[in-house]
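> Return atomic coordinates for the entry below.
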Amino acid sequence: MTTNISGVLEPRAVRVHEIATDRESAIHRCADVLEEIGAVHPAYREAMLDREWAMSTYVGEGVAIPHGLDMSRDLVRRDSLAVLRFPGGIDWEGGRVTVCVAIAARGDGHVALLSQLALILLDPRKAEILRSATDPEAIVAMLEADDEE
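Below you'll find the predicted structure:
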């Protein structure tokens, strides 16, 4: 089971110029990318929406972490992340989101991924770099570098 960012985030899963009108359409875009890279079954999209309606995935610092419910793990083909940047921002139940880090995890690996992401968000400089990055390779490198610390 993968428990770190290395190996679960690839440049083709990073999109830096996304547009969404609301959090639901942003989650659909996240699901689209996870499907495009072959990480999830198409039904995972509904699990992501169900999770969002049960409890907001907004974590602060302009970041949301959409993911499925525990019972949707069988819809995950492989542990993966997708990072989507919405430069115009999206209202997320009162918060303003510019980055979604979508998570697909078959086991408990997402707990470690969330911990690593939290470390980035707790560092204002790193959080700003993540929110403003326009190069997918740079985003992958930043997350992997933090993974190695």
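> From Ala104, how far out is Arg77?
8 Å (C-beta to C-beta, to the nearest Å). Glycine gets a C-beta too; all of them are placed from N, C-alpha and C.
> Same check on Glu93?
In terms of C-beta to C-beta, Glu93 sits 23 Å off from Ala104.
> More neighbours: which of these two?
Ala104 (32 against 11; other C-beta atoms under 10 Å).
> Number of residues surrounding Leu81?
28.
> Do you know the pLDDT at it?
The model reports Leu81 with a pLDDT of 92.
> Show me the helices in this structure, by range?
Taking DSSP state H, the helices of the chain run over residues 23-36, 44-54, 109-122, 124-132, 136-148.
> so what does the first one touch, helix or strand wise?
Contacting helix 23-36 under the criterion 3 or more C-beta pairs under 8 Å, 6 or more residues apart in numbering; DSSP states H and E are the following elements: helix 44-54, strand 80-92, strand 95-104.
> any idea which residue sits dead centre in the protein?
Val101 (1.4 Å; C-alpha atoms, centre = their mean).
> Now the closest residue to Asp135 other than its chain neighbours: phi and psi?
Once flanking residues are discounted, Asp135 sits nearest to Val16: 7.3 Å by C-beta to C-beta, 6 or more residues apart in numbering. Note on Val16: backbone dihedrals following degrees, to the nearest 10 are phi -110, psi 0.
> Pull the contacting residues for Val16.
Contact analysis of Val16 by C-beta atoms under 8 Å, 6 or more residues apart in numbering lists Arg85, Pro87, Ala133, Thr134, Asp135, Pro136, Ile139.
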